[in-house]
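>>> generate coordinates for the sequence data below:
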Amino acid sequence: MTNRPLRECSSQLPPCSLFPRGRGAVLGAVLLGVFTLLLLGANAPAPIGKPGEKLSIKAFTKEGPLDTWLTAETWNYTNAAQTRFEAMGVKYIKFKGNAANDEDTVLVTPAATVLADQKIIRGDSTVKITRPERGMEMSGEQWSYDQNAQTIVIEKNIRTVFRTKIPPLLK
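Now for the predicted structure:
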């Protein structure tokens, strides 16, 4: 095996890798598959597509119904290990896990950072999160979603709307 020089990064070259072009593409696909398993669950298929193109990752429950779906208009790796990427035009849907594939929670943002090894999606731009059945909508900026902790944090310009009956809080 001979040592080959690393490729330099520029906007004219395809996404950079620490490996020569042929093995780097294969490694990138493998690591993206690992990301899918980490972020969306063990039953998630590897995404189809290359950095810079549209991204669509679906994960299914063990019983078969759709569990989550992450889509992005464009995306690119931001680290050499390919465990982190920036995505534009992001939509993340968490389903109820029933046969009808009813949506439970929908997260939409123009830009996000995905930290696959930590199972976190975050961003500084706006985010809108809806839970249609519960009549809840939240929006704001500087947000994060942690899949392990099952938490959503919005730090700036928070707006929450409830479209449901709320019991009296003060009597």
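>>> for Met138, grab the count of nearby residues.
When neighbours are defined as other C-beta atoms under 10 Å, Met138 has 18 of them. The C-beta positions use only the backbone N, C-alpha and C, and glycine is treated the same way.
>>> host element of it?
In the assignment (DSSP states H and E), Met138 maps to strand 136-146.
>>> what packs against that strand?
Packing partners of strand 136-146 (3 or more C-beta pairs under 8 Å, 6 or more residues apart in numbering; DSSP states H and E): strand 120-123, strand 127-131, strand 151-162.
>>> tell me which of those strands sits nearest to Ser144.
Of all the helices and strands packed on strand 136-146, strand 120-123 sits nearest to Ser144, with 3.8 Å by C-beta to C-beta.
>>> now do that closest one: everything it contacts.
Contact partners of strand 120-123, identified using C-beta atoms under 8 Å, 6 or more residues apart in numbering, comprise 39, 90, 92, 107, 109, 111-115, 142-147.
>>> give the partner strands of the strand holding Met138 in its sheet and their orientations.
strand 120-123 (antiparallel), strand 127-131 (antiparallel), strand 151-162 (antiparallel) (DSSP bridges).
>>> in it, which residues are buried?
Glu137, Met138, Ser139, Gly140, Gln142, Trp143, Ser144, Tyr145 (16 or more other C-beta atoms under 10 Å).
>>> and those residues as JSON lines, adding distance to Asp124 and pLDDT?
Listed next are the buried residues of strand 136-146 as JSON lines, based on distance: C-beta to C-beta, whole Å; pLDDT from 0 to 100:
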{"residue": "Glu137", "distance to Asp124": "20", "pLDDT": "94"}
{"residue": "Met138", "distance to Asp124": "16", "pLDDT": "95"}
{"residue": "Ser139", "distance to Asp124": "14", "pLDDT": "96"}
{"residue": "Gly140", "distance to Asp124": "11", "pLDDT": "97"}
{"residue": "Gln142", "distance to Asp124": "5", "pLDDT": "97"}
{"residue": "Trp143", "distance to Asp124": "8", "pLDDT": "97"}
{"residue": "Ser144", "distance to Asp124": "10", "pLDDT": "96"}
{"residue": "Tyr145", "distance to Asp124": "14", "pLDDT": "93"}
